[in-house]
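Student: Structure for this input, please:
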Amino acid sequence: MVWSMDNQITIQELKDKVKKFCEDRDWDQYHNAKDLAIGITTEASELLEHFRFKSEEDIKEILKSKKQKVSEELADVFYFVLRLAQKYDIDLAKELGEKLRKNELKYPIRESKGSNKKYNEL
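Tutor: Residues are numbered from 1 along each chain as shown. Got it, this is the predicted structure:
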């Protein structure tokens, strides 16, 4: 199956593809919110393994030599995010927009630009 590029597919289309994939395998019974959240965490940890305790130079090399492995781990995280959103009717685009709006208030440009301080430290 050939999938579209990022700029050629919607989030809803991705959620539909994940839904069909899971339904074809009768996996709904295993995909409750708790287990999908565990899946996100597990896959995110596998992604982190590539970078943990690495220098900036090491990371640059990893992103050249192991980009496919890193991409696969990132796709695993994305799969579980999409599946959780699909199963529980969460509009990711809407929620991301809302989160960015809230973060604009927490992190005003004039106070946070170039800073990695948390909002309560600004």
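Student: Was I right to think Y107 contacts K118?
Tutor: No. Counting by CB atoms under 8 Å, Y107 sits too far from K118 to count as a contact (9.1 Å). (Glycine included, C-beta is placed from N, CA and C.)
Student: Those two: who's more crowded?
Tutor: More crowded of Y107 and K118, by other CB atoms under 10 Å: Y107, with 15 against 10.
Student: so how far is L92 from that one?
Tutor: Separation of Y107 from L92 (CB to CB, to the nearest Å): 21 Å.
Student: separation between the closest residue to L122 other than its chain neighbours and L100?
Tutor: Excluding its sequence neighbours, the residue lying closest to L122 (CB to CB, 6 or more residues apart in numbering) is E111, at 4.5 Å. E111 is 17 Å from L100, where distance means CB to CB.
Student: ditto for M5
Tutor: Relative to L100, and taking CB to CB, M5 is found at 23 Å.
Student: Neighbour count: the two, which is higher?
Tutor: Set M5 next to L100 and count neighbours by other CB under 10 Å: L100 wins out with 9 against 6.
Student: Closest to the centroid, which residue in the chain?
Tutor: F78 (4.4 Å; CA atoms, centre = their mean).
Student: mind checking the SS state of that residue?
Tutor: Three-state assignment for F78 (DSSP: H, G, I helix; E, B strand; the rest coil): helix.
Student: do the same with K54
Tutor: coil.
Student: OK, contacts around the closest residue to it other than its chain neighbours?
Tutor: Computed as CB to CB, 6+ apart, the closest residue to K54 that is not its neighbour in sequence is I62, at 6.7 Å. By CB atoms under 8 Å, 6 or more residues apart in numbering, the contact set of I62 is H50, F51, K54, V70.
Student: What's the local residue count around the second one?
Tutor: Residues within reach of F51, counting by other CB under 10 Å, total 12.
Student: does the nearest residue in space to it that is not next to it in sequence sit in a helix or strand, and which one?
Tutor: Excluding its sequence neighbours, the residue lying closest to F51 (CB to CB, 6+ apart) is I59, at 5.8 Å. I59 belongs to helix 56-65 when assigned by DSSP states H and E.
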